[in-house]
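Student: Need coordinates for the following:
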Amino acid sequence: MREPLVPPLAAIATGIFAAQFAAFERAELLAGIAAFSLLSLFCLARGMRRWSGLLCLLALALAGAWRGTASRTGPPPFLDADRDEILVFNGCVAEPSVVRDGRLQFVLEIEPGTRARVTRYPAQDEILPELGYGQVVEFEGRARPTRNFGNPGAFDYAGHLARQNIYWNVTARTPPAALPGERCGTRWRAGLFAIRDAAGRRIDRLYAASPFQTAMLRAILLGDASQLERVWTDEFRATGTFHALVISGAHVGALSLFFLILLRALSIPPPAATLVTVIAAWIYAGITGFGTPVVRAASAVTLLLATQIFYRRRRLVNALAAIALGFLLADPEQLLEASFQLSFLAVGLLGAVALPWLEVHVEPFRAGLRRLWLARWDMRLPPRVAQWRVELRLLAETLTLALRLPPRAAGFLVALPLRFALATGALLVSSAILQAGLALPMAYYFHRFSWSGFTANAFVIPLMSAIVPLGFLSSATGWEWTAGMAARLLDLCQSVVHWHAVREPVLRVPDPPLWLGLAMGSAIVAVAVTMEAGRAVRWAARGIATGLLAVILWHPFAPRVDPGWLELTAIDVGQGDALLAAFPGGGILLVDGGGVRSFDPKSRPRLDMGEDVVAPYLWTRSMRRVDWIAVTHPDQDHIGGVAALVRNFRPKELWLGAAPPPASPQYRQWQELLETAAECGVLAVTLNAGDRRDFGAVRMDVLAPPLIRGASLSPNNGSLVIRLQYGERAFLLPGDIERRIETGLLRSGLVTPADVLKLAHHGSRTSTSDPFLAAVRPAIALVSAGHANPYGHPHPDVLRRLTDQGIAVLRTDELGMVTIRTDGHRLDVEANRWKRRRTGSLPAFER
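Tutor: Got it, this is the predicted structure:
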């Protein structure tokens, strides 16, 4: 077998995967491993080699399940403290501090294997300290357990941090102070951080005139993304080239290739050059913080170069399987990580599909360009290539006669553009294979497919392969001429990405159904397995894979909603609002898009609530389009994520409440949203009190803002107030209105009973007055608020009023996403963090 390690890898990975979703007893697994192993040996002794191999693979699958069961992460450490209790923290700085969005952040190791991410919001005129690795610090602060957004399909942020032994987010109440004379950590890691810090300072000095170049090169070379602005990276994401900005195997490969070429040019013996290159790869992995992708890449470089020393023929797929086996046995939970799957799938596609294709269609012609002037070289090549060489020699002879060139020079001139064309073609083919082969995980994890990535990567990857060694050479030596070359190449790379981005069609892909994902995965395997099969079989496999890819991108599947029911879902966006209303006839309305308040007015928040939280939830429900998006008012926690939602879901209309005054801080983002809507062909419509829309059997009434409003109207009091009526049931969505508007609505007689009331202003005591509550008489109060938010929402006085009136309170900060459905008669309630019971009819809510 050409790739003997692939079947064992598949067996062990299958066992690990099964262990993530099923409970196995270790004793049973060990018994199964022993039984299948003995049966395998018995069959081998009887000459039944195929049966022996099959039984061996079954034993390995059980071994994978055993390893996956044994490595399950235990419960997080317990911190015996109340939520708002002030604690004194004393620990070791495990990762140096950075300043992000005007805040100081660092990782604190409280005790071995137990860490916290610390944030300090500076007081006025406070100078933030610079904390280095190994310093012992002490400060007062509050701790909160790490927490995920409570929506189906949300990124497991808490699990991601737990794999780094980070279990709490700590807000420092006092400035962290380094204790003099005390050190912690290890010397070798301190040395690596010192090298990283020196390189970072030199990058800052060399590129001081360009914050863009400084931030990008810090991210590309050192993995330090603290200075990156999201606006700089959006185009890389859109064109499928963002991987070039993230420390990955490509960076390690480029640096290793640079070292090999340099050492060979200095006539260093191959074994010594290989050893130095491997050491350099591992030092680089340490400087970047021993991130898992970099460690995998350094391991791959080590294995591939070691096979060269021992004169072993390098088989990329087999080497890849060996590396994957090692990492899975060491840490089985990596199998479900996106970076692990994408890294190994990408290299596997290159080794199993791209390289075999290039060996047949490109490599013979590249070989045909060698020694073009030697006719006897033709005999070593296939007939079609030999004929091609004859024609090229005729062209070279013509150049020799016309320009009086030596035969070798003429042959070189003829071959040079052809070599470039073949290399470019190989890059384009490899890029196309990667784009198509990675479409499934890209759709599942990032809901993207980049058409421009087919060509963008063919330019960006070679440019980055030059930027990485030039950047490191500059940071190591301080040479300005190499720094200038790296800067010009980076600008060229940005120009290439921008050129592709402006031509990139927006194609966001909802989650494919499970059966389609399994079929696509099987088709990719079939394409790889049939690379050396007959022509008909090869093209059949490729045709099936192409057809399945088209179905994934087209996504002809209806949104997952309940026909005949009116649904109101409060999506968990932390301290903000994002409400989904699905109508019985199929229309979809989104009210607000959440948002994150920025602590630095000069920068945008790194987390785009619309792009990173709301949209992924909608895609998990197979929603490709949203019919209408309503913005109740321009506060950041309501409007911040709407622009991304407009770009991704292209609604028919964008409904707006009262516009903010031009002098207000909300006006700039309001105008940017209107510009985004215009660019996307979305009609912006201002709604006022008295407007009405009918969606089949659902009636929508706009209660506020009034058509004529005073200049003193605050953003909260300019909110859209929407009432949805379906049969006997009604939902009232009042935005962030306060008592002043509540009183006006009561006087106008617009407030009528509603079964569900979304509390205004996240349950603030400025809203939901007793008279307003008495007029609405809800059975359910829906609260969208952030967990342990600093504003104290929902306010205890409001909760007390609700409890006194027997109103059920459903809070996103406690329950995660909350969904309420009605068929016009009964109410069904569902919450993401409710266990055991998915949904239930609540007769106590009958009015």
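Student: biggest helix in this protein, by residue count?
Tutor: helix 407-437 (DSSP state H).
Student: which strands and helices sit next to that one?
Tutor: If contacts are counted by 3 or more Cβ pairs under 8 Å, 6 or more residues apart in numbering; DSSP states H and E, helix 407-437 sits against helix 338-349, helix 355-361, helix 363-368, helix 383-403, helix 453-477, helix 535-554. Placement of C-beta: from N, CA and C, glycine included.
Student: so what's the spatially closest residue to residue 357 that is not a sequence neighbour up against?
Tutor: Nearest non-adjacent residue to residue 357, counting by Cβ to Cβ, 6 or more residues apart in numbering: residue 429, 6.7 Å away. Going by Cβ atoms under 8 Å, 6 or more residues apart in numbering, residue 429 touches 354, 357, 358, 362.
Student: Neighbour count, pLDDT and distance to residue 146 for those - can I get that in TSV?
Tutor: Formatted as TSV, these follow (neighbours: other Cβ atoms under 10 Å; pLDDT from 0 to 100; distance: Cβ to Cβ, whole Å):
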residue	neighbour count	pLDDT	distance to residue 146
354	20	91	40
357	16	91	45
358	19	90	45
362	16	90	49
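Student: Tell me the one among the residues you listed nearest to residue 475.
Tutor: residue 354 (32.7 Å; Cβ to Cβ).
Student: any idea how far residue 5 is from that closest one?
Tutor: 20 Å (Cβ to Cβ, to the nearest Å).
Student: Then residue 183?
Tutor: Distance of residue 183 to residue 5, given as Cβ to Cβ: 44 Å.
Student: if you count what's nearby, which of those two comes out ahead?
Tutor: Between residue 183 and residue 5, counting by other Cβ atoms under 10 Å, residue 5 is the more crowded of the two (18 against 13).
Student: Identify the residue nearest the more buried one in space, chain neighbours excluded?
Tutor: Using Cβ to Cβ, 6+ apart, the closest residue to residue 5 is residue 321 (3.8 Å).
Student: For the one you found, the count of nearby residues, please.
Tutor: Quick note: residue 321 (other Cβ under 10 Å) scores 22 neighbours.
Student: go on, the one 4 residues further on?
Tutor: Neighbour count for residue 325, taken as other Cβ under 10 Å: 18.
Student: where does it land on pLDDT?
Tutor: For residue 325, the pLDDT comes out at 92.
Student: That one: which element?
Tutor: Using DSSP states H and E, residue 325 sits in helix 316-330.
Student: relative orientation of that helix and helix 338-349 in degrees?
Tutor: Orientation check (axes from the mean of the first three to the mean of the last three Cα atoms, to 10 degrees): helix 316-330 against helix 338-349 gives 160 degrees.
Student: Check which helices and strands helix 316-330 sits against.
Tutor: Taking 3+ Cβ pairs under 8 Å, 6+ apart as the contact cut, helix 316-330 packs with helix 6-21, helix 49-70, helix 292-309, helix 338-349.
Student: Including mean pLDDT, could these go into TSV?
Tutor: As requested, the helices and strands packed on helix 316-330 are arranged in TSV below (pLDDT from 0 to 100):
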stretch	mean pLDDT
helix 6-21	91
helix 49-70	92
helix 292-309	80
helix 338-349	89
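Student: could the ones you listed go into TSV alongside mean neighbour count and distance to residue 286?
Tutor: Output for the helices and strands packed on helix 316-330, formatted as TSV (neighbours: other Cβ atoms under 10 Å; distance: least, Cβ to Cβ, whole Å):
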stretch	mean neighbour count	distance to residue 286
helix 6-21	19	27
helix 49-70	20	27
helix 292-309	20	9
helix 338-349	19	19
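Student: With distance to residue 532 added, can I get these in JSON lines?
Tutor: Shown next, in JSON lines, are the helices and strands packed on helix 316-330 (distance: least, Cβ to Cβ, whole Å):
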{"stretch": "helix 6-21", "distance to residue 532": "15"}
{"stretch": "helix 49-70", "distance to residue 532": "21"}
{"stretch": "helix 292-309", "distance to residue 532": "23"}
{"stretch": "helix 338-349", "distance to residue 532": "16"}
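Student: So which of these is nearest residue 678?
Tutor: Distance to residue 678, taken as Cβ to Cβ, is lowest for helix 338-349 among the helices and strands packed on helix 316-330, at 34.6 Å.
Student: Could you tell me how far that closest one lies from the centre of the chain?
Tutor: 15 Å (Cα atoms, centre = their mean, to the nearest Å).
Student: who does it touch, helix- and strand-wise?
Tutor: Packing contacts for helix 338-349, counted by 3+ Cβ pairs under 8 Å, 6+ apart, involve helix 292-309, helix 316-330, helix 407-437, helix 439-445, helix 514-529.
Student: Least reliable of those by average pLDDT, please.
Tutor: Across the helices and strands packed on helix 338-349, helix 292-309 has the smallest mean pLDDT, namely a mean of 80.
Student: which residues are in contact with that one?
Tutor: Under the criterion Cβ under 8 Å, 6+ apart, residues 223, 246-249, 251-253, 256, 270-271, 274, 277-278, 281-282, 284-285, 288, 313-314, 319-320, 322-323, 326-327, 334, 337, 339-340, 343, 347 lie in contact with helix 292-309.
Student: give me the low-pLDDT residue ranges for the stretch 701-847 of the chain?
Tutor: 708-712, 835-847 (pLDDT under 70).
Student: Swap in 90 and give it another go.
Tutor: 706-715, 788-790, 833-847 (pLDDT under 90).
Student: Run through the strands of it in chain order.
Tutor: For the stretch 701-847 of the chain, strands defined by DSSP state E, counting those that start in this stretch occupy the ranges 721-726, 729-733, 756-758, 780-783, 808-811, 818-822, 827-831, 840-841.
Student: Now render the ones you listed as JSON lines, adding distance to residue 231.
Tutor: Below are the strands of the stretch 701-847 of the chain laid out as JSON lines (distance: least, Cβ to Cβ, whole Å):
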{"stretch": "strand 721-726", "distance to residue 231": "32"}
{"stretch": "strand 729-733", "distance to residue 231": "32"}
{"stretch": "strand 756-758", "distance to residue 231": "32"}
{"stretch": "strand 780-783", "distance to residue 231": "33"}
{"stretch": "strand 808-811", "distance to residue 231": "34"}
{"stretch": "strand 818-822", "distance to residue 231": "33"}
{"stretch": "strand 827-831", "distance to residue 231": "36"}
{"stretch": "strand 840-841", "distance to residue 231": "45"}
